[in-house]
Each structure stands twice: as C-alpha cells, then as structure tokens.
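Sequence and computational prediction follow.
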Amino acid sequence: MKHYSYFPACCSFGQAIAYDLSTRVVAKALDVDLIELNDWNCCGSTPYTGIDELGSICCSARNLCLAEKGGLDLVTPCSDCYLMLNKANSLMREYPELKRKVDEALAAGGLEYHGTVRVRHILDVFANDIGQEDVTAKVKVNLSGLKVAPYYGCQVVRPKPSFDDPEFPESLDRLMRSLGAEPTPFPLKTRCCGGSMVISEEDVALGLVYKLLDNAISNGAECIVTACPLCQANLDVFQGKINKKFKTKFNIPILFFTQLMGVAFGIESKALGLEKCIAPAEKVLAGYLK
Amino acid sequence: MPNDLMHSLECLAGRQGMSTSQVSTPKLYKAFTDIARKTGLVPETSLMISYYLRTNPFHALKMIPQALNLLRHGRLDLKPHRLKPEAQRQFKAILDKAKTLGEMP
C-alpha cells in the first residue's frame, strides 16, 4: 500500500464533492492510502495571490508545515491548490529572502518548514506511481467504445513543467486507454476555461467554455473528463447558459477522471457521485454502469 | 513566469488604487481573500454571497438557475465552514505577521 497526505481543497465541500468522493474510493481500490491533512486551510489560491502575494504563500506554507510533520508526499485533486502549494514550495526553495520572511510569519504561529515536502496532483499519483499496468489490472468493466475528450485545463501542467508536458500532456490520455476508453483528439486540452471569471467577467468565460465544448464535441467526444474542479464546474454548470447565448444544444457529460476510473473498476455510481453531474452521464455510461 | 508577473501587477494596481470600476474581478478577489483570512477556508457559497453584496446584489438573480441546478444535484454547500479555533488562531497569527513584513522580496 502507498501512503500520502491528502489535501481535499475548499471546493470539496460543494461543487466538487463528487471529485473528493470518487478520488477516495478509487484510491482505496488501488491500495492508495490518502490520509487527510489535519486542520488544513485554504491554499491561498489565485484570487488571494492577486491581492496579497506574500499572504498567499504563507497560506500554502502553513499546509506544507502540517504535511512535513507526517513525512509523506502531499497530494491534492485540485489543480489550483496543486499549483499554489507547488509554487510556494519552489519559490521558498529558490528565493532565500522570501523563505526568511515566510519563516518569520510561520514562527508567529509556532511552526517551521524545512522544505522537505513534495507536492503532487492525484493525476500524477494514479498515472505514474500506480501506472497503466496496475490500473488495467483493476478494471472490471472495460470502457471499450467510449470516446472521451481528456481535458487537463491550464493549471495542472503549467506554468512550470512538472509530471507531464506543458503543451501536449498525455498522462490523462494514457490513463483513459488503460481503462479501455478511447481518448479523442482534443487540440484545446490545456486551454483555460475562464476559472472564477465566470462570475466576474461572464461573457469572456462563457466564450472560452463554448470553444472547449465545441472543440471536444466536433472531435467526436461522448464525454469530457477533467482533472480540475473549476474546469468541471464551468463546463458542466454553464452548458445551459452557453446553449442560450450561442444557440447550441450541448448536453455532454463532464466527468472527473476519477469517476470514470471508478466506473471501470465496477464501483457503484452513487459512491462516485455520478448523479451530481448536471449534464447527465447515465445515458452515455449506460452500457458500463453496474 | 508570465502569470506571476500578472499577479504582481494586480497586487500593485490594487495597492495604488488603480483598479478600474469597469471590471469587478478585483472585488471578487478581495471577497475571496477576506473570507480566507477570516475563516481559513473558502466555501463557494460564502464567496458568491460576499461578492454580490460588494457589487450588485441584483446580479445574483441571473445565477439563480445555476444555483438551483447545483442545489438539486447536491453540490450547493450551505453549511458554514471554518477552521477549529486553535488552528484559526495559528493561521491568523501567521497572516498578521506576514502583513508586517512588507511585500514579496
């Protein structure tokens, strides 16, 4: 069994609850032990960085301190948290002057950080630590014939190259193949969905989401899988609004990649939160569901 | 990295009062940061309420279909979330100290 510290992210309380559910059950099926980080706090996500950069680094640094006590890699399913925790970690390593300031702030909370934590995305863990062979060995329902657009979003492989190519990542494609599914070509697979701008600059974000949905569907996808909670929300929750605005009839399920792994592992749909998809997934997955 | 540069510029613009009233993203960012500082966690529902109260509460009406859809599908979290008191005190002490240390070096 492999052990990791687990950082669920604030979105796991609400719109991405199915990501958290499916991550935990799929991890269990793969003998991966996710130990939730005790008393974790907000990672100091993108909006925080736009207001107070040092404060946002300190938010992540507190989580890194908590993880360091456990001595395990810190893994999260949220691409934004992954980016922020990783960014804080690497900036502190690269800039001693910043590390000195963060250390001073952490000391005010009785903490110190020695820089030993490795931050990981759950996609990296399943695709690389577990790997295709072991994933395939757990498949009970081969997803043969299912055409899937693998959508990485803009944060899981960028801005700094990490576990996959920043422009043409393949880890999610390979993971889908290991379930028997067929990844479709998806030229926009690392493009931005607009993130939280869907609230503050709705027209800009809806335009981006429209292009993504159109690109996936016109390349033959029956569903889209993603590794990012914000991408899932924007593509799923706003399809109705996009249909009105662009006079389209999109109704494509947007799944977390962990949900599709769970379907292939024969896990029942409720445990994977499939009923939480707003564009219904049952029709597309009818032949595969237990 | 280009996005780090953008965030630095956002911070500078905010501090110098240069953000324009034509875009409301800075208000969204401010709402997010205030909730994070206060409670240590940022549930989406709290963020939405805070953002629309700071901008135009009537604009929230256009999000009602999406909110109802989320509610129907068990994805609208209405429970309050905050750190445990001891963790919250620690988190606040760290951020209060960070405030006294000036800007990013």
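Everything's here; your move. Please read these numbers as outputs of a predicted model, since none were measured by experiment.

Contact partners for residue A:89?
Shown in contact with residue A:89 (Cβ atoms under 8 Å, 6 or more residues apart in numbering or on different chains): A:60, A:64, A:115, A:117, A:119. All C-beta spots, glycine's among them, are computed from the backbone N, C-alpha and C.

how many neighbours does residue A:240 have?
Residue A:240 has 15 neighbours, counted by other Cβ atoms under 10 Å in any protein chain shown.

What's the local residue count around the closest residue to it other than its chain neighbours?
Leaving aside its sequence neighbours, residue A:240 sits nearest to residue B:65 (Cβ to Cβ, 6 or more residues apart in numbering or on different chains; 6.6 Å). When neighbours are counted by other Cβ under 10 Å, residue B:65 registers 13.

among the contacts of residue A:89, which ones are buried?
Using 16 or more other Cβ atoms under 10 Å in any protein chain shown as the burial test, the contacts of residue A:89 include A:60, A:64, A:117, A:119 as buried.

can you tell me which of those are in strands?
residue A:119 (DSSP state E).

rewinding a little: assumed the residue nearest to residue A:240 was part of a helix.
Yes: using DSSP: H, G, I helix; E, B strand; the rest coil, the assignment for residue B:65 is a helix.

wait, doesn't it sit right on residue A:243?
No: Residue B:65 lies out of contact with residue A:243 (Cβ atoms under 8 Å); the separation is 11.7 Å.

Model confidence score at the residue lying farthest from the centre of chain B, please.
Here the centre of chain B is the reference, and by Cα atoms, centre = their mean the most remote residue is residue B:72, at 25.0 Å. We have a pLDDT of 96 for residue B:72.

so who does it touch?
So residue B:72 contacts nothing (Cβ under 8 Å, 6+ apart).

how about a cut-off of 10 Å?
A:276, A:278 (Cβ atoms under 10 Å, 6 or more residues apart in numbering or on different chains).

who are the neighbours in contact with residue 66?
If you meant another chain, say so; for now it's chain A. So residue A:66 contacts A:5, A:7, A:37-41, A:74, A:111, A:113, A:117, B:87, B:90 (Cβ under 10 Å, 6+ apart).

wrong chain, I was asking about chain B
A:198, A:233, A:237, A:238, A:240, A:241, A:278, B:48, B:76.

Repeat that for residue B:15.
A:51, A:52, B:103.

Please apply the same query to residue B:41.
A:9-10, A:13, A:40-42, B:35, B:80-83, B:88, B:91.

do you know how far residue A:54 is from residue B:24?
The gap separating residue A:54 from residue B:24 is 25 Å, by Cβ to Cβ, to the nearest Å.

and the gap between the residue lying closest to residue A:153 once chain neighbours are set aside and residue A:151?
Nearest residue to residue A:153, sequence neighbours excluded (Cβ to Cβ, 6+ apart): residue A:228, at 3.8 Å. Using Cβ to Cβ, residue A:228 is found at 8 Å from residue A:151.

so what's in contact with these two at the same time?
Joint contacts of residue A:228 and residue A:151 (Cβ under 10 Å, 6+ apart) are A:193, A:235, A:257.

Spatially nearest residue to the second one (excluding sequence neighbours)?
In this case it means residue A:235. Using Cβ to Cβ, 6+ apart, the nearest residue to residue A:235 is residue A:254, at 4.5 Å.

Same check on residue A:103?
Residue A:103's closest residue in space is residue A:112 (Cβ to Cβ, 6+ apart), at 6.6 Å.

ok and the residue in the stretch 101-250 of chain A nearest chain B?
Nearest residue of the stretch 101-250 of chain A to chain B: residue A:108, at 3.6 Å (Cβ to the nearest Cβ).

what's that residue sitting at in phi/psi?
Dihedral pair for residue A:108: phi -60, psi -20, per degrees, to the nearest 10.

Quick one, grab the pLDDT at residue 81.
Using chain A here. 96.

To clarify, I was referring to chain B.
Reported pLDDT for residue B:81: 92.

Wait, it touches residue B:36, no?
No: using Cβ atoms under 10 Å as the test, residue B:81 is too far from residue B:36 to be in contact (11.4 Å).

The two: which is more packed in?
Comparing residue B:81 with residue B:36 by neighbour count (other Cβ under 10 Å), the higher total belongs to residue B:36, at 27 against 16.
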